[in-house]
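>>> what follows is a predicted protein model with its sequence.
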Amino acid sequence: MKPRALLLILAVIPVAAFAFGQAQVNYEDPAALERLIEAGKTPYILVDVRTPEEYASGHIPTAINIPNTEIGSRPPTQDLSALIIVYCRSGNRSGQAQQVLQGMGYTNVVNFGPVSKWRKPLVMGDAPTAE
C-alpha cells in the first residue's frame with residue numbers, strides 16, 4: 001500500500017469512529033435518557049403514549065402526551081428525521097406507537113419502554129415540565 005493511501009485511511013478512521021459513536025446513543029437506557037434531558041442540547045421529542053390520566057399521575061420531565069390511540073393522526077412533529085422517544089406503562093403501547101410512526105416514515109423513533117425504568121422523580125400534572 002502506498003504511504004499516501006495509508007495516511008488517508010488513518011485520517012478517516014477517527015472521523016468515522018466519532019460519527020458512528022455519535023449515532024449509537026441508546027436512549028432505551030435510562031442513564032442515556034437522563035443525560036439527554038439534563039443536557040438539553042440535542043433536539044428530541046419525548047412522548048408519553050399513555051392516557052391523559054396516566055400522564056397526569058406522573059410522567060418523565062419534558063414529555064408531552066399523545067395517547068397511543070391518537071399518535072397516527074397527531075404525530076409529534078412533521079420532521080420525519082427528528083429524534084422521537086416514546087414510552088408507556090409496560091412498553092407495549094410505546095412499541096405500537098413506534099411501529100405506527102415508522103410506518104408513517106419517521107426514521108429516528110426509539111422505544112424507551114416502561115416508565116418504571118425512569119430512575120428519577122416523575123412530574124405530576126397535565127403539562128410537560130423541563131427538568
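Structure received. Numbering: from 1, shown residues only.
>>> A strand includes residue 47, no?
Yes. Residue 47: assigned to a strand according to DSSP: H, G, I helix; E, B strand; the rest coil.
>>> quick one: contacts for it?
Residue 47 makes contact with 63-66, 71, 76, 84-87, 97, according to Cβ atoms under 8 Å, 6 or more residues apart in numbering. From N, CA and C alone the C-beta is placed, and that goes for glycine too.
>>> buried sites along stretch 85-102?
85-89, 91, 93-98, 100-101 (16 or more other Cβ atoms under 10 Å).
>>> of the residues you listed, which is the nearest to residue 48?
Relative to residue 48, the closest of these is residue 87; by Cβ to Cβ it sits at 6.2 Å.
>>> the strands in the protein, which residues?
For the chain, the strands defined by DSSP state E cover 45-48, 64-65, 84-88, 109-114.
>>> ranges for the helices of this structure?
Using DSSP state H, the helices assigned to the chain run over residues 3-23, 30-39, 52-56, 92-103.
>>> what's across from the most centrally placed residue in the chain in the sheet?
Note on the chain: the residue nearest the mean C-alpha position is residue 85, at 2.6 Å, using Cα atoms, centre = their mean. On the basis of DSSP bridges, residue 85 is bridged to residue 46, residue 110.
>>> I'm done for today, thanks for sticking with me.
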